[in-house]
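*Asks:* sequence first, predicted model second:
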Amino acid sequence: MAIPPLPPSHDLVRLIRSNQKETEEALLEYLRQKPIPWNYQRARSLSPFAYAQEVPLSALKRACDAARMPQAGRTATWDVLQLVRMAGKGRSLQCHGMDDGFVSIRKDLSVRVAADFYFVENRRATVLWLQPRRGYALTNRQLAIFGSLMRIALVKGNFVDANLEILDLSVPPDEAERQVRRLGLEDLPHVSEAEVTEGLQCVADAYDTIARMDINWKELRQRGKPKDRRDDQGDFFRE
């Protein structure tokens, strides 16, 4: 069985460690996990309508109830959409889809970075990424790295003057319930573009090393435990 795909960009940043050996260990542990039987894609696709208050809550609830996923997934999706709607309440904004961006690591390898949408408020465009997970969410430093990826990949062309926003809906440490955090890069620790590039290169090198190992991935992943994390396909592309 071929090695599983690399994780999406927002999970990839959590695998960056101080050296390649530790990164390999983190990536191997990630690859052995069995994905849970639902994801947050329905929440992501409906979030622009919730944020801009474009449809009533009853319509959003019907869309959640119609999703083909376990009840736990429908409940989590509904929780997320209510909080997204709350974050946009009382504001005048318009939400729009946007194309993915890419960050090149080396000549044959790029990482795709996808925003959920962009919105216009007071004539200013802002690129938004939704962090919908209750747990297993990115730390502030990891959010800063992902925000830097967004800036490199997405804030250019027609969006060169756009702001960035991360809407984090996770449960903070020592808390019991989700909290809404609207974060810009200025709210997060500073990371340089060189740090981001070196971190991605470390993960790519670790992946190349693991790919050369003689591993029965089907058997390995059957021994793994599901975690609330795989909500997108892998975002690495080889040319």
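*Replies:* Looks like it arrived, so ask away.

*Asks:* mind listing what's buried in stretch 152-164?
*Replies:* 152, 153, 154, 155, 159, 162, 163, 164 (16 or more other Cβ atoms under 10 Å). Quick note: C-beta positions are derived from backbone N, CA and C, even for glycine.

*Asks:* okay, and the closest residue to residue 162 other than its chain neighbours sits in which element?
*Replies:* Counting by Cβ to Cβ, 6 or more residues apart in numbering, residue 125 is the residue found nearest to residue 162 once chain neighbours are left out, at 4.3 Å. Assigned by DSSP states H and E, residue 125 falls within strand 124-131.

*Asks:* average pLDDT for that strand?
*Replies:* Average pLDDT, strand 124-131: 97.

*Asks:* show me what it is in contact with.
*Replies:* 10, 43-44, 47, 51, 80, 84, 98, 115-120, 137-138, 143, 146, 150, 154-155, 159, 161-170 (Cβ atoms under 8 Å, 6 or more residues apart in numbering).

*Asks:* buried subset of those residues?
*Replies:* 10, 43-44, 47, 51, 80, 84, 98, 115-119, 137-138, 143, 146, 150, 154-155, 159, 162-170.

*Asks:* which of the residues you listed fall within strands?
*Replies:* 117, 118, 119, 163, 164, 165, 166, 167, 168 (DSSP state E).

*Asks:* measure the first one to residue 127 for me?
*Replies:* To tie it back to what came earlier, the one meant is residue 117. 8 Å (Cβ to Cβ, to the nearest Å).

*Asks:* overlap in contacts, these two.
*Replies:* By Cβ under 8 Å, 6+ apart, the residues touching both residue 117 and residue 127 are residue 98.

*Asks:* what are the buried residues along stretch 20-31?
*Replies:* Result for stretch 20-31 [16+ other Cβ under 10 Å]: buried residues 23, 24, 26, 27, 28, 30, 31.

*Asks:* show me where this protein has strands.
*Replies:* Using DSSP E, strands in the chain cover 93-96, 101-106, 109-113, 117-121, 124-131, 163-168, 181-183, 236-238.

*Asks:* distance to residue 56 added to those strands, as JSON lines?
*Replies:* Below are the strands of the chain laid out as JSON lines (distance: least, Cβ to Cβ, whole Å):
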{"stretch": "strand 93-96", "distance to residue 56": "16"}
{"stretch": "strand 101-106", "distance to residue 56": "33"}
{"stretch": "strand 109-113", "distance to residue 56": "32"}
{"stretch": "strand 117-121", "distance to residue 56": "19"}
{"stretch": "strand 124-131", "distance to residue 56": "20"}
{"stretch": "strand 163-168", "distance to residue 56": "21"}
{"stretch": "strand 181-183", "distance to residue 56": "23"}
{"stretch": "strand 236-238", "distance to residue 56": "39"}
